[in-house]
Every structure is written in structure tokens, then in C-alpha cells.
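Trainee: Could you work out the structure for the sequence below:
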Amino acid sequence: MQAQRSVVMVKPDGLQRGLVGEIISRFERKGLKLVGIKMLQLTDEVLEHWYAHHKGKPFFPRLVSFMKVAPVVAMLWEGLDCVQTVRMLTGITKAREAEAGSIRGDLAVSQQLNLIHASDSIEMAQKEEKLIFSREEIFEYKKDIEVFVYSEEERE
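Mentor: Down below sits the predicted model:
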């Protein structure tokens, strides 16, 4: 099985609203495997790399300030087509237009206060993983339930 990894971050608004457990539960119920998790306070240095594509835009200072208002919960999920699966579960950025059933569609209404960040590509997931997690914080383990999540062909 060629699994992918995706970074998911519960933003300060998700933490403040007490939604960390609900968010984790949605990824677990889907069948993804949690291979890393930690709470941290983001720094200017990490945020400049994280949101490099937004640097120079008018909202960038507000975004950085918001992301430092409280800690975040960073997670690393693993599974087949994990990046796309996580994006589907997360919902589109503008939460009030996000699909019902998605995390943002069910739990948020704002574009900025949209509870959660999810890697948007395999390349971005790899970059974000290196920014947030050390090798010692990522766990390799066999999950017996995988035989009930993926078909035999998918596991090969």
C-alpha cells in the first residue's frame, strides 16, 4: 500500500470552540490513520513559511496575528489518497459555502475563522510535515482495522 500523509491543523478558533475531538473523530471514522499529533504555539518564523503564498497580501498581517492568538493542534494523517480525502472532509475555505457533511460545512461560517487547515497538495503536505513535525514525532505502526478500511488490492 502506497499511503500518503497530510497535515491537518486545528486553528485557534477550533481549539477555543472545543472542536478538537469532533475534528479528530471525523478523520478516524473515515478510516485514516493518525501518525502524529501535538499542540503548539505558532511563531512568526513558521507562519512566514506556512503562509508564504499569502505574504504581501493585505490580509497577511491579520492572518499571522490570528494564528498566534491561541495554540493550534497539529496532526499528521496517513492513508490512500490522503491529501484529497482530507480536503474533502475539510470542505472549501469559505465555510458558509462548504458542503454539508464537511467539517467547515457543518461547524463554521467564516472564511478566515474556518476551524481547520489541511494540506492542499502532496508537495505542500511534505513541506508542512517538515515545518511542524520532527522524525521522532511521527509514528509508524500497523493498524489491524486497515483490512476493513481498504480492499486487499488497495493494501498491496
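Trainee: Could you measure from Ala118 over to Ser151?
Mentor: As for Ala118, its distance to Ser151 is 25 Å (criterion: C-beta to C-beta, to the nearest Å). For the C-beta atoms, the positions are set from N, CA and C on the backbone; glycine is no exception.
Trainee: of the two, who's got more company?
Mentor: Using other C-beta atoms under 10 Å, the more surrounded residue of Ala118 and Ser151 is Ala118, with 26 against 8.
Trainee: How about that one: which residues does it bridge to?
Mentor: Taking DSSP bridges as the rule, Ala118 bridges to Val8.
Trainee: List the residues that contact it.
Mentor: Ala118 is in contact with 6-9, 83, 86-87, 89-90, counting by C-beta atoms under 8 Å, 6 or more residues apart in numbering.
Trainee: Repeat that for Arg87.
Mentor: Contacts for Arg87 (C-beta under 8 Å, 6+ apart) come out as 118-120.
Trainee: now it: how far from Glu97?
Mentor: Separation of Arg87 from Glu97 (C-beta to C-beta): 15 Å.
Trainee: Next: Phe60.
Mentor: For Phe60 relative to Glu97 (C-beta to C-beta), the value is 23 Å.
Trainee: These two: which has the busier surroundings?
Mentor: Between Phe60 and Glu97, Phe60 has the larger neighbour count (other C-beta under 10 Å), namely 16 against 12.
Trainee: And the pLDDT for the more buried one?
Mentor: Looking at Phe60, its pLDDT is 92.
Trainee: tell me the phi and psi of it?
Mentor: Main-chain dihedrals, Phe60, degrees, to the nearest 10: phi -60, psi -50.
Trainee: Distance of the closest residue in space to it that isn't next to it in sequence relative to Glu28?
Mentor: The shortest distance from Phe60 to any non-neighbouring residue, by C-beta to C-beta, 6 or more residues apart in numbering, is to His54 (5.1 Å). Distance of His54 to Glu28, given as C-beta to C-beta: 30 Å.
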